[in-house]
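Colleague: got a predicted structure here, sequence first:
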Amino acid sequence: LEVRHFSQVFGKFKAVDDVSFDLKKGEVFGLVGESGCGKTTTGRAIVGLQAITEGEILFAGKPVGKKRPTTQIQMIFQDPTSSLNPRMTVGESVGEGLAIKKTLNKKELRERVAEALTLVGLSPDHASRYPHEFSGGQRQRIGIARALVVKPKLIIADEPVSALDVSVQAQVINLLNDLKEEMGLTILFIAHNLSVVKYFS
C-alpha cells in the first residue's frame, strides 16, 4: 500500500493534511494518534468508503478509492454493534461481500461463511442467529469473519478493541495475531492505545 500526500476536506474542515506512508506485504503498520486526528478517515479512504480530496492511494501499484473499490482491502470497524445490521442474520452479514460478487452458488456461500466463522472461534451454527444475541467480543469476531470471508490481502483494523471490555481485548488481539500468521495478512492497525500498538505491531 502506498499513500501519497493524502488530504481529506469536509466542507471547510481539513480532517487529514498531507499524509504519506508505505505498508509492505505481510507487515503490521500502526497508525497512531489522539481521537479526532483523522485516523479513521484515512482508513475509510483506503478501503474506498469515501472519495479522496487530494493525493493518491495505491494498492499493488493501482489506484484505489471510492471510484475504484477492491475486495482485496477489507475493514474491521471500531464498534461491532453499529457496524452489523440488526435485521440481518450473522450468516447474511458475513456473506454479504461474497453475495454481491455473485461468484458462488448458495451452498458454496454457506460453506465459506461457516469456514470464516470457525476461523474466528465461532460455531457455523451461529450463522442463523442475529447480532443482538452475541456479546461485544463475539460481535467483533463476526466483524472479523466478515472482513476475512472474501480472502483479502490487506485488513484495515480501525481500533478493533477500543469498544470492548479489557478482559476481551486481549482475546481479540491474540486472534488477529494468529490470523495474521495463518493467512499472511498485511494489517493497517489504527489505535490510540500505545501499549496495544506496541504488542501488536
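Modeller: In hand now; what should we look at? Quick caveat, the model's predicted, so the values are computed rather than measured.
Colleague: doesn't Q171 fall inside a helix?
Modeller: Yes - secondary structure of Q171 (DSSP: H, G, I helix; E, B strand; the rest coil): part of a helix.
Colleague: now it, nearest residue through space, not along the chain?
Modeller: G137 (6.3 Å; Cβ to Cβ, 6 or more residues apart in numbering). From N, CA and C alone the C-beta is placed, and that goes for glycine too.
Colleague: for that neighbour, what is the enclosing helix or strand?
Modeller: helix 136-148 (DSSP states H and E).
Colleague: packing partners of that helix?
Modeller: strand 73-76, helix 90-101, helix 106-119, helix 166-183 (3 or more Cβ pairs under 8 Å, 6 or more residues apart in numbering; DSSP states H and E).
Colleague: what are the pairing partners of the shortest one, and which direction each?
Modeller: Strands flanking strand 73-76 in the sheet, each with its direction: strand 154-158 (parallel) (DSSP bridges).
Colleague: who touches the strand it pairs with?
Modeller: 1, 23, 39-40, 43, 46-47, 59, 72-78, 147-148, 176, 185-190 (Cβ atoms under 8 Å, 6 or more residues apart in numbering).
Colleague: what is the rounded mean pLDDT of that strand?
Modeller: The average pLDDT within strand 154-158 is 95.
Colleague: distance between it and the chain's centre?
Modeller: The gap between where strand 154-158 is centred and where its chain is centred comes out at 4 Å by Cα atoms, centre = their mean, to the nearest Å.
Colleague: any idea of the angle it forms with helix 136-148?
Modeller: 150 degrees (axes from the mean of the first three to the mean of the last three Cα atoms, to 10 degrees).
Colleague: any idea how far S20 is from L175?
Modeller: 31 Å (Cβ to Cβ, to the nearest Å).
Colleague: likewise for V32?
Modeller: For V32, the distance to L175 - Cβ to Cβ - is 21 Å.
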